[in-house]
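S.K.: Pasted the sequence and its predicted model underneath.
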Amino acid sequence: MRVLPWLYLAAGFLFIYLPVGVLVLFSFQEGTLPVPPFEGPSLRWYAEVLGDDDLTAALLNSVVVAAGQGAVAVTLGFLAAYGLARHVVPGTVFLRALLIAPLTVSYLIVGLGLLIVVQRAGLGLSLWTAGIGHVVINLPICFAIIYASMGAQQQNAERAARDLGAGEFDVIRLVTVPMLAPAILAAYFLSVTLSWDEFIIAFLLTRFEVTLPVEIWSMLRSGLSPRLNAIGSVVFLVSVTAVVLAEVLIFRRRR
Amino acid sequence: MSARADSLKGWGFAAPALLWTTAFFVVPFVVMAAMSLATLDGRTLIWGLHADNYLELAEERYLWRAVLVSLEITATVTVVSVVLAYPLAWIIAFRVPARWQRLALLLAILPFWTSYVVRSYAWLLVLAREGVVNQTLMTLGIVAEPVTLANTRIATVTGFVHFFVMLLTLTIYANLVQLSPNYRRAAMDLGANAFQTFRHVILPLTLPGIATGAFLTFVLCIGDYITPQILGGNTELTVPQVIMVQLGRRADFPLASALAIVLMALVTLAYLACARWLRIDRL
């Protein structure tokens, strides 16, 4: 009886890590098929991935889109959280619901709606349209995280600063933003990760220049390959780094 | 500062976010809803209040089949994920020593942050004919020939369950650690055995966590295109897959929009079904 829970825990972890483990292990495969038996280790597929112009271009696109849309989402989310938490605005409940609304709809629908509007308006698809779509899905998350962390403690410090003669923008710049820095950074890293991993909106809203998940998707048509393992491992490593950073920031705030 | 000036300032700060959400979410959504009531004459789009797309949905077998397939897969995934995740969350909350819990939880949800595309591809590797699972089964002598696992519904469900076990472990764990140990002690003192304590005390108290996780599972699962597309092998299509077919091959935006509205209606129904236990307002 005693060992049963530990066996279950071990089995659970095995299940959770099986795909990631296989993905990473066979990215070091010497041969051309990413299935057992394992031969290697070899870095040949990583070298090939880094030498692939389409992949590196897509990787760069992903970085730019993720970083850019994260900055916009966090800025807009912070301003909205500040406005609704620090000023008495009639209809706050409705406005909050409006800002959170995109979270309740699947990414496919967000992407489809934007695609229809962009096409009707006769505009072209590009990394910009994908970035706009990513802000739509990440703005609610940034708003919610920052709004939730605006407590009475900061409010007192803000009042003190104002009493000492600071104007509203100085208060925001010198008091609110530094005090909320962990939440703001956590929101930023989270939205960067979500954009970095996002497929369907990027797929629907880009055309010639694409992001990494879309490029990986088109590589998938040619079947299993250690190249896909190598690039997949890189994608995973980047996401995990961003998430661990966000986690560390939230964790520090709670202590 | 007058109340009016204060509220104007508040509006000013919130305005960019509100405008963005309105322009790039609300407006596209309304246009999509209108599009679902438009119809195609050849390749020409005719706006108006036509029920054609919704009628087609009821009549065409491959369309309502997709709704059924989506519901079946989503229901299976939700139930299996809850059943697998609950013990995992329980063990992390009550068996793992307190100082290791945060690490155990972080580790249990780390692969959650792999992109859908990469995660589905990784399962394709694991479940392939020459993949790890088949090789292990053959080495152990359980099967003589490789079993077809990839490109089946089993693969789709496995890929989904893997993702949602992590999500549900998180929501159920969050619920379990909030419970005061006094409830368990009181139940035990009153003579309940372990199972009765679980059945009549712990389980009802953790229903909100289960409902939140199950609802999220439902929403994310029924709207996902990638997992069934990569792992399911096109033998049966889900609603998102049919939407993508309408967009790509046939450029039938009205029908795709109607299907998207149906998808939303299903999510709304799921929300109403578990609204009693959900605490979305606390997010």
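M.R.: Nice, I can see it.

S.K.: contacts, neighbours, all on C-alpha from now
M.R.: Fine.

S.K.: shaky segments in the stretch 1-150 of chain A?
M.R.: For the stretch 1-150 of chain A, the stretches flagged by pLDDT under 70 are A:1.

S.K.: And the helices in it?
M.R.: Using DSSP state H, counting those that start in this stretch, the helices of the stretch 1-150 of chain A run over residues A:4-25, A:44-50, A:53-86, A:92-100, A:107-120, A:127-148.

S.K.: what's the most buried one of those helices?
M.R.: helix A:127-148 (a mean of 24; mean count of other CA atoms under 10 Å in any protein chain shown).

S.K.: hmm, back to that, the helices of the stretch 1-150 of chain A into a markdown table, with extra columns for distance to residue B:93?
M.R.: Converted to a markdown table, the helices of the stretch 1-150 of chain A look like this (distance: least, CA to CA, whole Å):
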| stretch | distance to residue B:93 |
| --- | --- |
| helix A:4-25 | 12 |
| helix A:44-50 | 40 |
| helix A:53-86 | 33 |
| helix A:92-100 | 30 |
| helix A:107-120 | 32 |
| helix A:127-148 | 25 |
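
S.K.: Does chain B have contacts with stretch A:10-17?
M.R.: Yes: interface with chain B: stretch A:10-17 contributes A:12, A:13, A:15, A:16, A:17 (CA under 8 Å from any CA of the partner chain).

S.K.: can you check stretch A:104-116 too?
M.R.: Yes: contact between stretch A:104-116 and chain B is present through A:105, A:106, A:107, A:108, A:109, A:110, A:112, A:113, A:114, A:116 (criterion: CA under 8 Å from any CA).

S.K.: Pick the one among those residues closest to chain B.
M.R.: Top of the list for closeness to chain B, among those and by CA to the nearest CA, is residue A:113 at 4.5 Å.

S.K.: Can you give me every residue that contacts that closest one?
M.R.: B:25, B:28, B:29, B:31, B:32 (CA atoms under 8 Å, 6 or more residues apart in numbering or on different chains).

S.K.: How about residue A:143, nearest residue that isn't a chain neighbour?
M.R.: Setting aside the residues directly before and after it, residue A:143 is nearest to residue A:77 in space (CA to CA, 6 or more residues apart in numbering or on different chains), at 4.1 Å.

S.K.: I misspoke; the intended subject was residue B:16.
M.R.: On the basis of CA to CA, 6+ apart, the spatially nearest residue to residue B:16 that is not a chain neighbour turns out to be residue A:76, at 6.2 Å.

S.K.: is it true that the one you found touches residue A:139?
M.R.: Yes: applying CA atoms under 8 Å, one finds residue A:76 in contact with residue A:139, separated by 7.1 Å.

S.K.: From the residues of stretch A:104-116 next to chain B, pick the one nearest residue A:209.
M.R.: For residue A:209, the nearest member of those is residue A:114. The distance, counting by CA to CA, is 17.8 Å.

S.K.: what does the stretch 151-255 of chain A have sitting close to chain B?
M.R.: For the stretch 151-255 of chain A, the contact set with chain B under CA under 8 Å from any CA comprises A:193, A:196-200, A:213, A:216-217, A:220, A:224, A:229, A:232, A:235-236, A:239-240, A:243.

S.K.: So which of these are in helices?
M.R.: When DSSP state H defines the helices, the subset of these inside them is A:193, A:196-197, A:200, A:213, A:216-217, A:220, A:229, A:232, A:235-236, A:239-240, A:243.

S.K.: ok, of these, which come out buried?
M.R.: The neighbour-count test (16 or more other CA atoms under 10 Å in any protein chain shown) applied to these identifies A:193, A:196-197, A:200, A:213, A:216-217, A:220, A:229, A:232, A:235-236, A:239-240, A:243 as buried.

S.K.: Which of these sits closest to chain B?
M.R.: Where those are concerned, and distances follow CA to the nearest CA, chain B has its nearest neighbour in residue A:197, at 4.3 Å.

S.K.: what pLDDT does the closest one get?
M.R.: On pLDDT, residue A:197 comes in at 88.

S.K.: Overlap of the contact sets of residue A:76 and residue A:139?
M.R.: Looking at what touches both residue A:76 and residue A:139 (by CA under 8 Å, 6+ apart), the common residues are residue B:17.

S.K.: just the helices in chain B please.
M.R.: Ranges of helices within chain B are B:3-21, B:27-35, B:52-59, B:61-94, B:98-109, B:116-127, B:132-139, B:153-178, B:181-189, B:194-197, B:203-222, B:226-231, B:239-248, B:253-274, based on DSSP H.

S.K.: how about the contacts of residue A:113 in a markdown table, adding distance to chain A, neighbour count and pLDDT?
M.R.: Output for these, formatted as a markdown table (distance: CA to the nearest CA, whole Å; neighbours: other CA atoms under 10 Å in any protein chain shown; pLDDT from 0 to 100):
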| residue | distance to chain A | neighbour count | pLDDT |
| --- | --- | --- | --- |
| B:25 | 7 | 23 | 95 |
| B:28 | 5 | 23 | 94 |
| B:29 | 5 | 23 | 94 |
| B:31 | 7 | 16 | 94 |
| B:32 | 5 | 27 | 93 |
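
S.K.: So, low pLDDT: which residues of the stretch 1-150 of chain B?
M.R.: Confidence mapping of the stretch 1-150 of chain B against pLDDT under 70 gives the ranges B:1.

S.K.: Just flag the most distant two among the ones in helices among the residues of the stretch 151-255 of chain A next to chain B.
M.R.: Every pair in those was compared (CA to CA); the two farthest apart turn out to be A:220 and A:243, at 25.9 Å.

S.K.: and the stretch 101-250 of chain B, which residues reach chain A?
M.R.: By CA under 8 Å from any CA, the part of the stretch 101-250 of chain B that sits against chain A consists of B:108, B:110-111, B:113-119, B:121-123, B:125-126, B:130-132, B:135, B:162, B:166, B:219-220, B:223-226, B:240.

S.K.: Show me which of those are buried.
M.R.: Looks like those have B:108, B:110-111, B:113-119, B:121-123, B:125-126, B:130-132, B:135, B:162, B:166, B:219-220, B:223-226, B:240 buried, using 16+ other CA under 10 Å.
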